[in-house]
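[1] Here is the input, now give the coordinates:
(one chain, ligands or ions: 2)
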Amino acid sequence: MKLTILGGGGFRVPLVYGALLTDRAEGRVTEVVLHDLDAGRLSAVARVLAEQAAGVPDAPAVTATTDLDEALTGADFVFSAIRVGGLEGRANDERVALAQGVLGQETVGAGGIAYGLRTVPVAVDIARRVARLAPDAWVINFTNPAGLVTEAMARHLGDRVIGICDSPVGLGRRIARVLGANPKEAWIDYVGLNHLGWVRGLRIAGRDELPRLLADPGLLGSFEEGKLFGVDWLRSLGAIPNEYLHYYYFNREAVRAYQQAEKTRGAFLRDQQARFYEAVTAPGARALDVWDRTRAEREATYMSENRETAGAGERDADDLSGGYEKVALALMRAIARDERTTLILNVRNRDTLSALDGEAVIEVPCLVDANGAHPVAVAPLPGHATGLVCAVKAVEREVLAAAESGSRTTAVKAFALHPLVDSVNVARRLVEGYTQVHPGLAYLK
Ligand code: G6P
Ligand code: MN
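    Ligands and ions are numbered 1, 2, ... in the order given. The predicted structure is shown next:
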């Protein structure tokens, strides 16, 4: 089984490889091909992987290439985890928006639109190549903004592209834990778009335990989302939102905190990661230790401004070890070995949410087997949530249209229609600002 990782020089690749190393079963991945545009980053990550594999019998063989077509040819699975424009691009996404007084964030609001506009054309090119060179491969998309990028790729790959995110999984795990349940035995009623979904129920042995959580302020305030959103707001909603909804429900505070931060998240990571790639390639470096220290710092500081404005304190130790690689591995196993399982994934809506058309990619629990991922029926969203989902999907559609046509006017429309952009004039200035700093937006005319 051959797995190709696009963005193979990326920092989170060792998480994926670590997960592969735990898989001893028949039909596992035996060959990993790393693809990246940057040969230096590829060799840095390959060093970490080599240390991870040391002493592990039959560890998947790793090769690296900067040739995309070569990497894709013969792949059974393709993981796409690329970052168009790098972390410098992410920092610019944040900076330009914050200068206009609106949210600059990797996936939400103006920053997410700018990132989407840069990424969609590249993702579409990849999808076309996969369709040509590895037509039977399954593509697992981690590339953000994950819902939008998955939808762009699905236009070329249909249901053979599946988007993943670790945040709904983490949310479900936390809720199950505070309720004293085994997360594996809980059925989580969650739906929305990527980074824009709500848990409306959590059934254990057929019984919905969420009302018990909502009724108990002590329990409700004891985990990440309770601290971030506050007990009263969660009880008003009657649901537990994805942590990214903090940017909507507490937008003013989040924007102010980001503006006042010494460094935005993107700028912090740009500098942190530059130090990592330098240190890890130094002669005599213990690559795995360097990587692990950097990872721990990255995890500990995740969403720190949001937590600060909410007075949420430090992250729980249990929340620090992601889970993104586990979702990826579980998905791949279910498909490759027909091991039927349920996972929250980004797939085409079909008729799950009646307010959206069938092609719209949504985030929803899916039954997964050798035939792919099939969304399960969920309860409808309340009006306020449907409103947000439809508004943001409409923005995503404008981004897709702008990427296809190269129309600057359509790009302005995408920004202007976003619920977190408060004036058409701001949208115009955002397009102005972003096209000045991003060479990847030169196609907008
Ligand atoms: C979560 C989200 C990802 C996002 C990441 C950002 O894992 O689900 O979509 O890319 O956080 O973390 P970072 O350390 O890059 O700020
Ligand atoms: Mn995500």
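[2] switch to C-alpha atoms for all contacts and neighbour counts from now on
    Fine.
[3] Just say helix, strand or coil for the residue positioned nearest the centre of the chain.
    Among the residues of the chain, the one closest to the centroid is Cys165, at 4.3 Å (Cα atoms, centre = their mean). Counting by DSSP: H, G, I helix; E, B strand; the rest coil, the backbone at Cys165 sits in coil.
[4] and the gap between the closest residue to Arg41 other than its chain neighbours and Thr294?
    What sits nearest to Arg41 in space, not counting adjacent residues and going by Cα to Cα, 6 or more residues apart in numbering, is Gly9, at 4.7 Å. Noted for Gly9: a distance of 15 Å to Thr294, by Cα to Cα, to the nearest Å.
[5] any chance you could map the helices in the stretch 1-150 of the chain?
    13-21, 39-53, 68-72, 86-99, 109-133, 146-157 (DSSP state H, counting those that start in this stretch).
[6] any idea how far the second one is from the chain center?
    Counting by Cα atoms, centre = their mean, to the nearest Å, helix 39-53 is centred 23 Å from the centre of its parent chain.
[7] Check the first one too.
    With Cα atoms, centre = their mean as the basis, the distance from the averaged C-alpha position of helix 13-21 to the chain average is 17 Å.
[8] hmm, who's touching that helix?
    Residues from elsewhere that reach helix 13-21 (Cα atoms under 8 Å, 6 or more residues apart in numbering): 28-29, 45, 48-49, 52-53, 56, 59-60, 325-326, 328-329.
[9] ok, back up a step: format the helices of the stretch 1-150 of the chain as TSV; extra columns: mean pLDDT.
    TSV is the format used below for the helices of the stretch 1-150 of the chain (pLDDT from 0 to 100):
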stretch	mean pLDDT
helix 13-21	97
helix 39-53	98
helix 68-72	98
helix 86-99	98
helix 109-133	98
helix 146-157	98
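[10] and stretch 98-111 with ligand 1, contact?
    No: Stretch 98-111 does not reach ligand 1 (Cα under 6 Å from any ligand atom); its nearest approach is 7.4 Å.
[11] could you measure Gly158 against Arg270, distance?
    From Gly158 to Arg270 the distance is 34 Å (Cα to Cα).
[12] picking that back up, what about Gly9 and Thr294, which has more around it?
    The neighbour comparison of Gly9 against Thr294 (other Cα atoms under 10 Å) goes to Gly9, with 26 against 16.
[13] Let me see the confidence value for the closest residue to ligand 1 within the stretch 301-445 of the chain.
    Using Cα to the nearest ligand atom, the closest approach of the stretch 301-445 of the chain to ligand 1 is made by Tyr302 at 5.4 Å. With respect to pLDDT, Tyr302 has a value of 94.
[14] Please, which helix or strand holds it?
    Assignment of secondary structure by DSSP states H and E places Tyr302 within no helix or strand.
[15] follow-up on the earlier one: by neighbour count, sort out the buried ones in the contacts of helix 13-21.
    Neighbour-count burial (16 or more other Cα atoms under 10 Å) applied to these gives 28-29, 45, 48-49, 52-53, 59-60, 325-326, 328-329.
[16] coming back round to it: what sits against the residue nearest to the centre of the chain?
    Per Cα under 8 Å, 6+ apart, neighbours of Cys165: Phe142, Ala146, Asn194, Tyr324, Val327, Leu345.
[17] what bridges to the last one?
    Which is Leu345. Val364 (DSSP bridges).
[18] Let me know whether it touches Leu367 as I believe.
    No: counting by Cα atoms under 8 Å, Leu345 does not reach Leu367; the two are 9.5 Å apart.
[19] These two: which is more packed in?
    Leu345 (30 against 18).
[20] Identify the residues contacting stretch 273-288?
    By Cα under 8 Å, 6+ apart, stretch 273-288 touches Phe11, Arg41, Ala44, Arg47, Val48, Leu49, Glu51, Gln52, Val290, Trp291, Thr294.
[21] related to what we said a few turns ago, I'd like the contacts of Cys165 laid out as a markdown table, including distance to ligand 1.
    Formatted as a markdown table, these follow (distance: Cα to the nearest ligand atom, whole Å):
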| residue | distance to ligand 1 |
| --- | --- |
| Phe142 | 7 |
| Ala146 | 7 |
| Asn194 | 8 |
| Tyr324 | 7 |
| Val327 | 11 |
| Leu345 | 12 |
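[22] Need the worst-confidence member of those residues.
    Lowest pLDDT of those: Tyr324, 86.
[23] Counting neighbours, what do you get for the closest residue to that one other than its chain neighbours?
    Spatial nearest neighbour of Tyr324, chain neighbours left out: Asp166 (4.6 Å); criterion: Cα to Cα, 6+ apart. A count of nearby residues for Asp166, using other Cα under 10 Å, gives 18.
[24] can you list the domains in this structure?
    Structural domains annotated on the chain: 2-163, 168-249, 252-310, as defined by automatic domain parsing.
[25] in the chain, which spans are strands?
    Listed in chain order, the strands found in the chain under DSSP state E are 2-6, 31-35, 61-65, 77-80, 138-141, 161-163, 186-193, 196-204, 207-208, 240-241, 341-348, 361-369, 372-375.
[26] ranking those by burial, who's on top?
    strand 161-163 (a mean of 29; mean count of other Cα atoms under 10 Å).
[27] For that one, the averaged confidence score.
    pLDDT averaged over strand 161-163 gives 98.
[28] How about the residues of the chain by ligand 1?
    Cys165, Asp166, Ser167, Arg298, Tyr302.
[29] looking at it, Glu88 is touching Ala267, isn't it?
    Yes: because the distance of 7.0 Å satisfies Cα under 8 Å, Glu88 is recorded as touching Ala267.
[30] Would you mind measuring from Gly10 to Asp159?
    26 Å.
[31] From the rest of the structure, what touches stretch 315-331?
    Stretch 315-331 is contacted from outside by 15-16, 19-20, 140, 164-166, 169-170, 223-224, 296, 299-300, 343, 368, using Cα under 8 Å, 6+ apart.
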